[in-house]
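Undergrad: A structural model of the following input is requested.
(one chain, ligands or ions: 1)
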Amino acid sequence: MPNIQFCKRCLYTTAHPLGLTLDEEGICSGCRIHEEKDMLDWAERWSMLEALVKPYRNQNGKNYDCIIPVTGAQDSYYIVHLVKERLGLNPLLVTYNKYFNTPLGIRNLANLRIRFNCDILYQNVNPISVKKITRSTLRQFGSIYWPILAGQTVFPVQTAVRYRIPLIIWGAHQGIEQVGMFSHEHEVEMTRRYRKDHDLMGHEADDLLSIFDTLKEEDIWQYRYPDDHDLNAVGVRGIYLGNYVRWDQKAQHEQMIMKYNYHSSSFTRTFDSYDYVDCFNYMSLHDQLKLYKHGFSKVTDHASREIRHGRLTREEGLALVRHHEKSPVEYAQLFMDWLGLTQRSLQFIMDQHRNPRFWNQPEFGQWEFNGWSVHHYSNSYEHQGNCPLPDIFEVNDKLEYDRDAKYITIGRGWP
Ligand SMILES: [Zn+2]
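TA: Numbers count the residues shown, from 1 in each chain. Predicted coordinates:
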């Protein structure tokens, strides 16, 4: 693997798709920006946030104060908790139907709505268009998540314009959390550009029309970002709470389990049982594709984060990565049934997206992993046999909840 350098502290490399640099001590930009979490005056930053949101409080009680994009997982509970309970704002929750919904995610979302007593808007794009786009982006970009990432990032913005609610509140900024793209003190906000470059792999909805002759206007229009004229007329802006609150996903989720009965689930491909419990594919098929394309998978993100927070050593993190990234992909059959693909054709398409930088093919059809974790320097700690690894994440449920493993297209609320 030529021209790839490894951070001495976490498990990231200079091949990170969001872009990452190493300083003269061999420490990456993500680790350096993480150090700010223990240096900044967070009480002061919280006051800045209070001042920032003040003008958005609705005086006459006839509209919402802000929009919060939510799902049945990730940081949704914590964001709503901060906005509603601590800032005292009246949010409109919005959620994009990702179709790969787990029963547990539907349960968590219903519980969120009820516990916080919030209004919520659902966007359900018709399944025929979603499947057409998924089939196209899987073939072309090796991504089954393009419509979801596009929908989750655009529906809140469209809603802001439509309902004239200028303020959108997001959780942490991924570019800051993972690779230290900006300082917390830059207070970066949501942009069309970041969404296109990083969330959508460089392809906006309109680009899909020229790339795929299978897609038509009627398939993609719901994913189109509002134009500047409309955004400016309402004054839409999107802020990130991670710039004002010391972001710690593990601690936050544990607080949400205690306080609001958030439910978690174990995964074969990572040790973090809190993230992504709303989706059958994010931590399975999508994660495998990430490993094919980028030479690392989500468990590297989770381990690097935990190393930075001081809860794992680098050696422990590396052992966890090596253990989980080889784990089997679960629930792939559900996806094949949903899209009408055979195992053979799915594997064929996926193999097309193996990055030769991270995968050797000694013989036709045989693949040898040559990704990040193979080349990491390791003192002695090699994982052997059953996982002798720190069990620091709480598991209190499973993705299936109380029913079968099946995508829930439209979930009625049940807590
Ligand atoms: Zn690092």
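Undergrad: how about residues contacting stretch 103-116?
TA: Residues outside stretch 103-116 that contact it (C-beta atoms under 8 Å, 6 or more residues apart in numbering) are 70-73, 76-77, 80-81, 84-85, 93, 95, 118, 120, 260-263, 265, 277-279, 397-403, 406, 408, 411-415. C-beta coordinates here come from the backbone N, C-alpha and C atoms, glycine included.
Undergrad: buried ones among those?
TA: Buried members of the contacts of stretch 103-116, scored by 16 or more other C-beta atoms under 10 Å, are 70-73, 76-77, 80-81, 84, 93, 95, 118, 120, 260, 262-263, 265, 277-279, 397-399, 401, 408, 411.
Undergrad: next step: the contacts of stretch 103-116 restricted to strands.
TA: 93, 95, 120 (DSSP state E).
Undergrad: the ion next: which of the residues you listed are close?
TA: Residues of the ones in strands among the contacts of stretch 103-116 in contact with the ion (C-beta under 5 Å from the ion): none.
Undergrad: tell me the one of the residues you listed nearest residue 256?
TA: Among these, residue 93 lies closest to residue 256 (C-beta to C-beta), at 15.3 Å.
Undergrad: that closest one pairs with what?
TA: Beta-bridge partners recorded for residue 93 (DSSP bridges): residue 68, residue 120.
Undergrad: residues in contact with it?
TA: Residue 93 neighbours (C-beta under 8 Å, 6+ apart): 67, 68, 69, 70, 80, 112, 113, 118, 119, 120, 121.
Undergrad: give the contact list for the residue of the stretch 301-415 of the chain found nearest the ion.
TA: In the stretch 301-415 of the chain, the residue found nearest to the ion is residue 304; the distance is 6.4 Å by C-beta to the ion. Each residue near residue 304 by C-beta under 8 Å, 6+ apart is listed here: 10, 11, 12, 30, 178, 317.
Undergrad: cool, residue 239 as well?
TA: By C-beta under 8 Å, 6+ apart, the contact list for residue 239 reads 49, 52, 167, 168, 169, 170, 187, 189, 190.
Undergrad: just the buried residues from those residues, in PyMOL please.
TA: Buried residues among the contacts of residue 239 (16+ other C-beta under 10 Å), as a PyMOL selection:
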select buried, resi 49+52+167+168+169+170+187+190
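Undergrad: in helices, which of the contacts of residue 239 appear?
TA: Taking DSSP state H as the definition of helices, the contacts of residue 239 contribute 49, 52.
Undergrad: quick one: which of the contacts of residue 239 sit in strands?
TA: Members of the contacts of residue 239 lying in strands (criterion: DSSP E): 167, 168, 169, 170.
Undergrad: pick the one among these closest to residue 341.
TA: Distances from residue 341 to the ones in strands among the contacts of residue 239, taken by C-beta to C-beta, are shortest for residue 170, at 33.3 Å.
Undergrad: so what's the closest one closest to, chain neighbours aside?
TA: Excluding its sequence neighbours, the residue lying closest to residue 170 (C-beta to C-beta, 6 or more residues apart in numbering) is residue 240, at 5.1 Å.
Undergrad: how many neighbours does the one you found have?
TA: 23 (other C-beta atoms under 10 Å).
Undergrad: check residue 394 too.
TA: Residue 394, neighbours per other C-beta under 10 Å, totals 13.
Undergrad: that one: what secondary structure?
TA: coil (DSSP: H, G, I helix; E, B strand; the rest coil).
Undergrad: re the thing from before, nearest to the ion, out of the ones in strands among the contacts of stretch 103-116: which one, please.
TA: Of the ones in strands among the contacts of stretch 103-116, the one sitting nearest to the ion (C-beta to the ion) turns out to be residue 95, at 32.9 Å.
Undergrad: still on that earlier bit, what about the ion: which of the contacts of residue 304 touch it?
TA: The subset of the contacts of residue 304 within reach of the ion, by C-beta under 5 Å from the ion, is residue 10.
Undergrad: now, the buried ones among the contacts of stretch 103-116 that are in helices?
TA: Judged by DSSP H, helices contain the following of the buried ones among the contacts of stretch 103-116: 76, 77, 80, 260.
Undergrad: redo those residues as CSV? Include pLDDT and distance to residue 393.
TA: Below are these laid out as CSV (pLDDT from 0 to 100; distance: C-beta to C-beta, whole Å):
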residue, pLDDT, distance to residue 393
76, 97, 18
77, 98, 16
80, 98, 22
260, 97, 18
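Undergrad: so which residues on the chain come close to the ion?
TA: So the chain meets the ion at 7, 9, 10, 28, 31 (C-beta under 5 Å from the ion).
Undergrad: format those as JSON lines; extra columns: secondary structure, pLDDT and distance to residue 144.
TA: Listed next are those as JSON lines, based on DSSP: H, G, I helix; E, B strand; the rest coil; pLDDT from 0 to 100; distance: C-beta to C-beta, whole Å:
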{"residue": "7", "secondary structure": "coil", "pLDDT": "96", "distance to residue 144": "29"}
{"residue": "9", "secondary structure": "coil", "pLDDT": "96", "distance to residue 144": "32"}
{"residue": "10", "secondary structure": "coil", "pLDDT": "97", "distance to residue 144": "27"}
{"residue": "28", "secondary structure": "strand", "pLDDT": "97", "distance to residue 144": "29"}
{"residue": "31", "secondary structure": "helix", "pLDDT": "98", "distance to residue 144": "31"}
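Undergrad: so which of these is the most crowded?
TA: When neighbours are counted by other C-beta under 10 Å, residue 28 leads these with 28 neighbours.
Undergrad: which ones are touching the nearest residue to that one once chain neighbours are set aside?
TA: What sits nearest to residue 28 in space, not counting adjacent residues and going by C-beta to C-beta, 6+ apart, is residue 7, at 3.7 Å. Applying C-beta under 8 Å, 6+ apart, one finds that residue 7 lies in contact with 13, 20, 22, 26, 27, 28, 30, 31.
Undergrad: ranges for the strands of the stretch 101-250 of the chain?
TA: For the stretch 101-250 of the chain, the strands defined by DSSP state E, counting those that start in this stretch cover 119-123, 167-170, 237-240.
Undergrad: need those strands in TSV (columns: mean pLDDT and distance to residue 290).
TA: Output for those, formatted as TSV (pLDDT from 0 to 100; distance: least, C-beta to C-beta, whole Å):
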stretch	mean pLDDT	distance to residue 290
strand 119-123	95	25
strand 167-170	98	22
strand 237-240	97	23
